[in-house]
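Participant: Sequence plus predicted model, see below.
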Amino acid sequence: MALVIAQKSELCEIIFTKLSSFHLVPDSCTYSIMIRCHCEKNEVEEAKRVLFTVLENGFEPDSATITVLINSLCKRGKVKKAMEVFEFMERKGLKLVVQQHNCLLKGLSYVGKIEEALEMLMNMKKTNFGVDVYSYSIVMNGLCKVGRSDEAMDLFNEVVEIGLIPNVVTFNTLIQGYSIEGRPVEGVGVLKMMKKHECVPDYISYSTVLHGLLKWNEIVEAFGIYKEMVEIGFEVDFRMMRTLVRRLCKRSWNEKRLLEDAYEVFEKMKERGLVVDKRTVEVMVKACCRGEKFDEALVNLNDMVRWGYSLKAIAFEKVIEGLCRQGRVDEAVSTLFLLHANGRIGDRISYDVLVNELIAHGRVFCASFLFGFALKQGVALVPNKELQANNRS
DNA sequence: CTAGGGTTAG
């Protein structure tokens, strides 16, 4: 079994053929492992042959063995063959247990025969072997995958009605269904429902909800779920965090309060040492400028240059203009040099704004120096009156 | 103490 798990099926088979030289006789458990071994190698016919050998040797193959075989067939979409095994066992007078029925349910859903799966589920209810929560979860998943979450929800209600206990997988299936159907907020509703059913949402529950909300652009809801995840201690996938930051930034243009939320997620990414791509930084800096948060913008520009990222000049230019507007001219000049350290050249507007702001502070000498510096960089500025006067003197 | 089985995401 260890060899099968380690995917060393060849070795497993060699040992099996050498059993007799150790005077060992395989029993039903050995055969069951061999069936799985062949299934792993996609040798279904071989697996079936082993099953027949088991029967010929007078062993009663136990249900776990049959499950492995049926499951392996179903997983590969060979539902018809699985049915054959199924019927063969019934002719032998062996009744199939709920696990095997469940494999078939999954197989039927997998090949798109969801109606047949539903019919089978209804028949299972009538037998002594019955149905369990796996059966329902499987069919619900089949329905969800084809955009029939309402029917999946009907089945969920049936689960509760007949006294089965839905588990985290049952709920996660519903969440996924709503997500792909474009009803992500109902996924949030399922999360709340779980708490009522005393089922603890897991990482998959939250991630699926968050992914759905992001996919359908429910950004404010998404941030709420993100916060819950952080509070619980789940590490949110960095790609989702990146999307969240960008969308919150975009939204903060019209809804100022969202800037803070965006920054919170952004900071968490840096704190976790995640690679923040330059596009996200640019969007974040842009949003900071728009929200007049130049300290934050500047901190990030500094970080980016230090880490060797080459950002678009516009990110710096917006900060320069903003700082000048606030009269923080020294920091604005520093930002200009930061831009140069980043390997780019400021545009005409940045130099214009800086020169004018320096003059406004009465620092004409600095303004002249900067003016000359701009010319050297090939940025053509139109000198204003003060500068001309200064240069004449 | 005593092998092997079925459900959810990106």
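Facilitator: Ah, there it is.

Participant: all contacts plus neighbour counts: C-alpha atoms, from now on.
Facilitator: OK.

Participant: Distance check, A:Ser109 against DNA strand B.
Facilitator: Distance, A:Ser109 to DNA strand B, using C-alpha to the nearest atom of the strand, to the nearest Å: 10 Å.

Participant: what's the closest non-adjacent residue to that residue?
Facilitator: Spatial nearest neighbour of A:Ser109, chain neighbours left out: A:Gly142 (5.1 Å); criterion: C-alpha to C-alpha, 6 or more residues apart in numbering.

Participant: residues near that neighbour, how many?
Facilitator: By other C-alpha atoms under 10 Å, the residues close to A:Gly142 number 29.

Participant: I figured it hits A:Tyr110, correct?
Facilitator: Yes - here A:Gly142 reaches A:Tyr110: they are 7.2 Å apart, a contact under C-alpha atoms under 8 Å.

Participant: Which residues of the stretch 151-300 of chain A lie near DNA strand B?
Facilitator: Contact residues (C-alpha under 7 Å from any atom of the strand) of the stretch 151-300 of chain A with DNA strand B: A:167-170, A:172-173, A:176, A:180, A:203-205, A:207-208, A:211, A:237.

Participant: okay, among the residues you listed, which ones form the most distant pair?
Facilitator: Spatially, the most separated pair among these is A:Asn167 and A:Asp237, at 23.8 Å (C-alpha to C-alpha).

Participant: Looking at the two, which is more packed in?
Facilitator: A:Asn167 (17 against 12).

Participant: Torsion angles phi and psi at the more buried one?
Facilitator: Backbone torsions of A:Asn167, given as degrees, to the nearest 10, read phi -110, psi -180.

Participant: got the contact list for it?
Facilitator: By C-alpha atoms under 8 Å, 6 or more residues apart in numbering, A:Asn167 lies in contact with A:133, A:199.

Participant: distance of it from A:His197?
Facilitator: Using C-alpha to C-alpha, to the nearest Å, A:Asn167 is found at 9 Å from A:His197.

Participant: Which residue does the stretch 101-250 of chain A have closest to DNA strand B?
Facilitator: A:Val169 (3.6 Å; C-alpha to the nearest atom of the strand).

Participant: what about that residue, which SS state?
Facilitator: helix (DSSP: H, G, I helix; E, B strand; the rest coil).

Participant: Before we move on, what's the pLDDT of it?
Facilitator: At A:Val169, the pLDDT value in this model is 97.

Participant: Please apply the same query to the one 3 residues further on.
Facilitator: Per-residue confidence at A:Asn172 stands at 97 (pLDDT).

Participant: What count of nearby residues applies to it?
Facilitator: Neighbourhood size, A:Asn172 [other C-alpha under 10 Å]: 26.

Participant: Can you name the residues that contact it?
Facilitator: Per C-alpha under 8 Å, 6+ apart, neighbours of A:Asn172: A:204-205, A:208.

Participant: Please apply the same query to A:Leu55.
Facilitator: By C-alpha under 8 Å, 6+ apart, the contact set of A:Leu55 is A:Pro61.

Participant: and it, helix, strand or coil?
Facilitator: Secondary structure, three-state DSSP: A:Leu55 is helix.

Participant: Find me the pLDDT at it, would you?
Facilitator: Looking at A:Leu55, its pLDDT stands at 80.

Participant: what do you get for A:Asn391?
Facilitator: On pLDDT, A:Asn391 comes in at 61.

Participant: quick revisit: narrow the contacts of A:Asn172 to just the buried residues.
Facilitator: Buried members of the contacts of A:Asn172, scored by 16 or more other C-alpha atoms under 10 Å, are A:205, A:208.

Participant: touching DNA strand B at all, the helix or strand where A:Val50 lies?
Facilitator: For A:Val50, the host element (DSSP states H and E) is helix A:44-56. No - against DNA strand B, helix A:44-56 shows no contacts by C-alpha under 7 Å from any atom of the strand, the least distance being 10.5 Å.

Participant: Which residues does the helix or strand following that helix contact?
Facilitator: Scanning forward in sequence from helix A:44-56 by DSSP H and E, the next helix or strand is helix A:63-75. Contacts with helix A:63-75, where a contact means C-alpha under 8 Å, 6+ apart, come from A:29, A:31-33, A:35-36, A:39-40, A:44, A:47-48, A:79, A:81-82, A:85-86, A:96-97, A:99-100, A:103-104, A:106-108.

Participant: what about helix A:63-75 and DNA strand B, any contact?
Facilitator: Yes - contact of helix A:63-75 with DNA strand B (C-alpha under 7 Å from any atom of the strand) involves A:63-65, A:67-68, A:71.

Participant: Now do the contacts for A:His340.
Facilitator: Shown in contact with A:His340 (C-alpha under 8 Å, 6+ apart): A:Gly346.
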